[in-house]
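> could you work out the structure for the sequence below:
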Amino acid sequence: MATWISSFFDNQNEIARDVFNEYLDSLKFGLSGRKATKVILDGFAEEIHDTEGDGPVVWMALAVTQWKYGRLEPRVKAKALRIIKDGGDVAAYPPESQKRRSKVLEKVRIQLESPQPPEKPIRVIKPAEPLKKIDKLWKPGQVVAFRRDSGRFVLLLTEGVDKHPYIGEIPYFVVLKWEGAKIPSLERILKLRPTNKVIGVYPNKKGDPIPWDRVERLEMVRDVTGSIRVDRNGVYRAEGWDDYDWKELDAAF
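Residues are numbered from 1 along each chain as shown. Okay, the predicted model is just below:
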């Protein structure tokens, strides 16, 4: 990544990095540049409405990302340049960092006004068509037993579910404090304490999306812990979480 781009996506810009990753992921799922833009504008609608805070960051990050991949759209470019002219996000930085941030945004402005590179090909990992139907396999409070490579089981509490139009439902689990060779009684499961570990599990890219020979949804629900929030704006947890797909989930424990 070019130096000026790396400088823009600094450690203070979590939202900017999220925009970069979401846009690139959308391209990898086969969306056109314009459809990927719609994903960003829809998914970050709440932030965009914050015109004095996160909104400018979303537009600038989108413009920078599009330029890097040769897909800069005129409306995004115009919006980002207007925001930079008005000061960008400099005011959000500590006084001692504002001068440096201003220099970074000036480099961004110069780059956005220069000819963008040719459109970079992206290796598509998923067809561009949205899923016709998303099976609602997961629900908050559902307890799931996962059999590890060793044959022993771990228990996961479904804390929330993120519905993705292109890859299906992504469950977010809190790991319960238990591991054993035989799934315990429902009465005991209700008393198990949650750990601090939260994981999001994506479908496998190849083969069976979910290894049902290793996954059992138990006939019970528990109250969620409230440690993670999943809503239309996405997933949030102050302490963060770990992402896996089902094939690599054993490494989580």
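
> going forward, measure contacts between C-alpha atoms and count neighbours the same way
Will do.

> so how many other residues sit close to Lys177?
For Lys177, the neighbour count with other Cα atoms under 10 Å is 16.

> and what of Trp246?
20.

> again with Ile40
For Ile40, using other Cα under 10 Å, the count is 21.

> name the element it belongs to?
helix 33-43 (DSSP states H and E).

> list the buried residues of stretch 175-191.
Within stretch 175-191, the residues that count as buried by 16 or more other Cα atoms under 10 Å are 175-179, 183, 189.

> among those, name the ones in strands.
Those of the buried residues of stretch 175-191 mapping onto strands are 175-179, per DSSP state E.

> hang on, the earlier thing: other SSEs contacting the helix holding Ile40?
helix 14-28 (3 or more Cα pairs under 8 Å, 6 or more residues apart in numbering; DSSP states H and E).

> quick one, domains of this structure?
3-113, 142-252 (automatic domain parsing).

> just checking, Ala181 touches Gly151?
Yes - counting by Cα atoms under 8 Å, Gly151 is a contact partner of Ala181 at 6.8 Å.

> quick one: average pLDDT of the helix holding Ile40?
Averaging pLDDT along helix 33-43 gives 89.

> ok, residues contacting it?
19, 22-23, 26-27, 48, 62, 71, 232-234 (Cα atoms under 8 Å, 6 or more residues apart in numbering).

> try 10 Å
Outside helix 33-43, the residues that touch it by Cα atoms under 10 Å, 6 or more residues apart in numbering are 18-20, 22-32, 44-45, 47-48, 58-59, 62-63, 66, 69-73, 76, 119, 128, 232-234.

> show the buried residues in the residues you listed.
The neighbour count (16+ other Cα under 10 Å) marks 18-20, 22-31, 44, 47-48, 58-59, 62-63, 66, 69-72, 76, 128 as buried among these.

> run through the residues that contact the nearest residue in space to Asp54 that is not next to it in sequence.
Once flanking residues are discounted, Asp54 sits nearest to Glu47: 5.2 Å by Cα to Cα, 6 or more residues apart in numbering. With contact taken as Cα under 10 Å, 6+ apart, Glu47 is in contact with 15, 41, 53-58, 233.

> so of the residues you listed, which two are at opposite extremes in space?
Spatially, the most separated pair among those is Pro56 and Asn233, at 17.6 Å (Cα to Cα).

> how about low-confidence regions in the stretch 51-200 of the chain?
126-136 (pLDDT under 70).

> switch to 80 and redo it
Residues of the stretch 51-200 of the chain that meet the criterion pLDDT under 80 lie in 51-53, 125-136, 164-168.

> residue ranges of the helices in the stretch 101-250 of the chain, please?
Secondary structure of the stretch 101-250 of the chain (DSSP state H, counting those that start in this stretch): helices located at 186-191.

> and Thr225, how many neighbours?
Using other Cα under 10 Å, Thr225 has 13 neighbouring residues.

> show me which parts of stretch 49-64 are buried, residue by residue.
54-64.

> the residue nearest to Asp54 should be in a strand, yeah?
No - assigned with DSSP: H, G, I helix; E, B strand; the rest coil, Glu47 falls outside any strand and is helix.

> quick one: pLDDT of it?
Glu47 is given a pLDDT of 85.

> can you give me the strands for the protein?
Under the criterion DSSP E, strands of the chain are mapped to 142-147, 153-164, 168-180, 194-202, 215-221, 229-231, 234-236, 242-245.

> just tell me which of these ends up closest to Pro95.
Closest to Pro95 of the strands of the chain is strand 234-236 (Cα to Cα; 28.7 Å).

> ok, that closest one: who's next to it in the sheet?
Sheet pairing for strand 234-236, assigned by DSSP bridges, gives strand 229-231 (antiparallel).

> pLDDT of the strand it pairs with, averaged?
Strand 229-231 shows a mean pLDDT of 81.

> just stretch 203-223 next, same as before
What stretch 203-223 shows for mean pLDDT is 87.

> so what touches it?
125-126, 137-149, 151, 153, 155-159, 167-171, 183, 186-187, 189-191, 201-202, 244-248.

> alright, I will stop here.
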